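Undergrad: My questions concern the predicted model and sequence given below.
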Amino acid sequence: MDYGQFTWRWIFYINVPIGLISLFLTNRLVEDPPFLKREQERRRSIRADYVGLGLITLAIASLQIALDKGQESDWFSSPWITGLLIVAAYAFMVWIVWEWHHPNPVVDIHLFKKRNFATAMFFSFTLGLALYSTTVMIPQFLQVQLGYPAVKAGEALAGGGS
């Protein structure tokens, strides 16, 4: 038999029949436990909050576009950026009111009434803000203020990732 037409890449095709056999056997032999079947039936009866999902998507998308393009358009002197920020603020406020009254909210706003949860979320937000701002601001500081080229700024910060 001539093996000359086969290359080293053919070794990966051994996974195809094994994967198909495992999918077939898993489908035939493995069953969900009864408590998972009850949970799946319960979840089918829950309606998704598409309005809440749409409102938070609109709010975050508007805010993201405004923050991304704000410097190019000179922030509040641009009616487009101002409009996006107004849409983001209004959609966010409507989303909070909507989620407060919805029986199956995307985010359960009522959890913020619990002091431990609210405190944990505040400190998580603060930590995220500090970590993200240093990740963004230190490279800009190195390049703009200290005159590092982009490669040298990256090399200066590379040790922090390990």
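TA: Right, received. Where do you want to start?
Undergrad: Which helix or strand in this protein has the lowest average pLDDT?
TA: helix 34-44 (a mean of 78; mean pLDDT, DSSP states H and E).
Undergrad: Would you tell me what the next helix or strand after that one is?
TA: helix 50-69 (DSSP states H and E).
Undergrad: Against which helices or strands is that next one packed?
TA: helix 79-101 (3 or more Cβ pairs under 8 Å, 6 or more residues apart in numbering; DSSP states H and E). (Each C-beta comes from the backbone N, C-alpha and C, glycine too.)
Undergrad: following the helix it packs on, which helix or strand comes up?
TA: Defined by DSSP H and E, the subsequent element after helix 79-101 is helix 115-140.
Undergrad: Report pLDDT for residue 76.
TA: Looking at residue 76, its pLDDT stands at 88.
Undergrad: Look at the residue lying closest to it once chain neighbours are set aside and say how many residues are nearby.
TA: Excluding its sequence neighbours, the residue lying closest to residue 76 (Cβ to Cβ, 6 or more residues apart in numbering) is residue 82, at 5.5 Å. The tally of other residues near residue 82 (other Cβ atoms under 10 Å) stands at 15.
Undergrad: go on, the one 10 residues further on?
TA: Residue 92 is flanked by 16 other residues according to other Cβ under 10 Å.
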